Structures are given as structure tokens and as C-alpha cells.
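In: got a structure for you, letters missing:
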Ligand SMILES: C[S@@+](CC[C@H](N)C(=O)[O-])C[C@H]1O[C@@H](n2cnc3c(N)ncnc32)[C@H](O)[C@@H]1O
């Protein structure tokens, strides 16, 4: 596989024509950053300009956020390939029906992508933040990585965008940072929060009341900062203790900045 510096320059005239059938396409996982397209990497832009297919996960009938970020770079719709999830929040992630539906969804999507990769076409899977950090891309990567060349383009994570916009360093000196999905049970959240110096709590949704209670029990509520839509339109940053309600959209997280060594 070519290294990043060998990647050919974009030539829009070449995009529709596939290379000879014996050459397979490359699967790209493209980190799209936290929301503001200014945080796309140069490498991500090059891949977005060049790939034959731009795949993005979405809710049925809606555009995925990763695809919206790409609007800054991609001006033709012909290469778009939406992958609507069968479910998003309708079923519990451990419900066997949800697990089976998601597995079938990823199997089918991987089969469809394998067909175009085998025909020599490059496929870019647009991933919010970084593709290897809680990214849906990983489920396709797992199914395709042994059959096709793969390149993952790292991205600025959502949490990095959030602590930047909150204007708060997250770790100092020897601080230990713990990243927690809010979906964990209350007792697990408390135990993890009690033994860390700094924390990021993601995937808040309807779990914000539980997260508040766990932070209070761990003695961290006064340090907690709530960030909604970090770096995107509609961004807000609020000390969690001053947030009057428990509404938390998909793009939201709580930061607990560390207070380690500061000479
Ligand atoms: C499935 S994870 C994907 C993480 C992503 N791959 C990354 O590198 O940030 C989705 C969660 O990331 C967090 N998130 C990502 N970007 C965010 C942003 N710009 N503002 C607030 N939260 C964000 C939210 O907690 C959201 O529920």
C-alpha cells in the first residue's frame, strides 16, 4: 500500500473511471474531526477529493454528520453512499434483536463494499472524530481488512475538540485520564470516577441524570463541564452544576479536567 506521501494528486477527470480489474481498490477510514471542517487534516481532504465512493452512516432519511462536515470539500453528490442504520436509539444495544439487526446490517454493507473494492474502486468511509475511537467504521474494517488494502486517516477526536472549545487543559503532569461511556451502570461509573484524575464521559443521551449522580458521589460534580456540539454550529459550554435540565443530544459530553502537577 502506498504511504501518505505517495498518494496521487486529485484529478477529478479520473474519478469515474476504475483501474484495471486485477487491481483492487483501497478501503479508507477517514477521520472527519469534531465538527468544524477547519479541523479536517490535509490527508483527509486528499482522500475525500479522490475516492470513488464516499460512504457515511446516517439515520434513515437523514444526512450523517460526517457527511455534513465533508460539504466543505465535496461539491458533487454523485459519489455519496449513505448507509442508514436499521436502529439508532429505538432498542437497547444489548437487545438480541438489535445485535442481530446490526450484525446483518454490517455484513450486508461489507458485502456491497467488497464488490466495488474488488472492481478496483476506492471507498472512503467518513467517520466523525477519529475512525478508531468508538467509530462504526471499525465494524466494516473488521470485516474487510484481510481482503483489501486499508488506510485509516486519523482525525481530531470529539473530546479533543470539546476540551479545546471549553478552554480547559484535560491532563497535567502524571494525571490519568479515563474515558467512560455514559451507558455504563451507575456503580461502575462511580468506581471508575473515584480512581481517576481526569475524565471524559461520552454518549450521554438519556443517561445524564445517572452521570450527574455518579459525579456527585465521586466528589467531582464541581469540576465537571458539559459541552454540547463542540466546534459545531449550536455549540454550548456550561459548568455541569449550572446546567438547568437533563437534556443531552447525541453530540454532547462531560469533561472533568485533571488538576495535576503545575510547576
Ligand atoms: C460513537 S462516539 C464517536 C466518537 C468519535 N469517533 C470521536 O473520535 O470523537 C459518539 C460520541 O462522541 C461524542 N462526541 C463526538 N463529537 C462530539 C462533539 N463535537 N461535541 C460533543 N460530543 C461529541 C459524543 O459523546 C457522542 O455521543
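Out: Received, thanks. Everything quoted here is computed from the prediction, not taken from an experiment.

In: CA atoms for contacts and neighbours, from now on please.
Out: Noted.

In: residues contacting the one helix or strand residue 124 maps to, please?
Out: Here residue 124 sits within strand 123-127, counting by DSSP states H and E. Strand 123-127 is touched from outside by 25-32, 47-48, 51-57, 66-67, 113, 117, 135-137, with contacts defined as Cα atoms under 8 Å, 6 or more residues apart in numbering.

In: quick one: name whatever helix or strand follows it.
Out: helix 137-144.

In: report the angle between the strand holding residue 124 and helix 137-144.
Out: 150 degrees (axes from the mean of the first three to the mean of the last three Cα atoms, to 10 degrees).

In: please name the strands paired to strand 123-127 in the sheet, noting orientation.
Out: Strands that pair with strand 123-127, judged by DSSP bridges, come out as strand 27-31 (parallel), strand 53-58 (parallel).

In: ok, the longest one near the ligand or not?
Out: No - contact of strand 53-58 with the ligand (Cα under 6 Å from any ligand atom) is absent, the minimum separation being 11.2 Å.

In: and that strand, average pLDDT?
Out: Computed over strand 53-58, the mean pLDDT rounds to 95.

In: which residues are contacting that strand?
Out: Contacts of strand 53-58 (Cα under 8 Å, 6+ apart): 48, 64-67, 79-85, 121-127, 136.

In: select only the buried ones of the residues you listed in ChimeraX?
Out: Only the buried members of the contacts of strand 53-58 enter the following ChimeraX selection, criterion being 16 or more other Cα atoms under 10 Å:
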select :48,64,65,66,67,79,81,82,83,84,121,122,123,124,125,126,127,136
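
In: what residue in the stretch 1-150 of the chain comes nearest to the ligand?
Out: For the stretch 1-150 of the chain, the residue closest to the ligand is residue 129, as judged by Cα to the nearest ligand atom, at 3.4 Å.

In: can you check the pLDDT for residue 76?
Out: On the pLDDT scale, residue 76 is placed at 83.

In: do the same with residue 64
Out: 86.

In: residues contacting it?
Out: Contact analysis of residue 64 by Cα under 8 Å, 6+ apart lists 56-58.

In: and it, how far from residue 87?
Out: Residue 64 is 14 Å from residue 87, where distance means Cα to Cα, to the nearest Å.

In: next one: residue 32
Out: Distance, residue 32 to residue 87, using Cα to Cα: 23 Å.

In: what's the answer for residue 97, then?
Out: 10 Å.

In: of those two, who's got more company?
Out: Per other Cα atoms under 10 Å, whichever of residue 97 and residue 87 has more neighbours is residue 87, with 15 against 12.

In: for that one, which non-adjacent residue is spatially closest?
Out: Closest residue to residue 87 apart from its sequence neighbours, by Cα to Cα, 6 or more residues apart in numbering: residue 98 at 7.3 Å.

In: returning to that earlier point: need the winner for burial among the strands paired with strand 123-127.
Out: Each of the strands paired with strand 123-127 was assessed for mean neighbour count using mean count of other Cα atoms under 10 Å. The highest is strand 27-31, with a mean of 28.

In: pull out the buried positions in the next helix or strand after it.
Out: Once the chain leaves strand 27-31, the next helix or strand it forms, by DSSP H and E, is helix 42-50. Under the neighbour-count criterion of 16+ other Cα under 10 Å, helix 42-50 has 43-50 buried.
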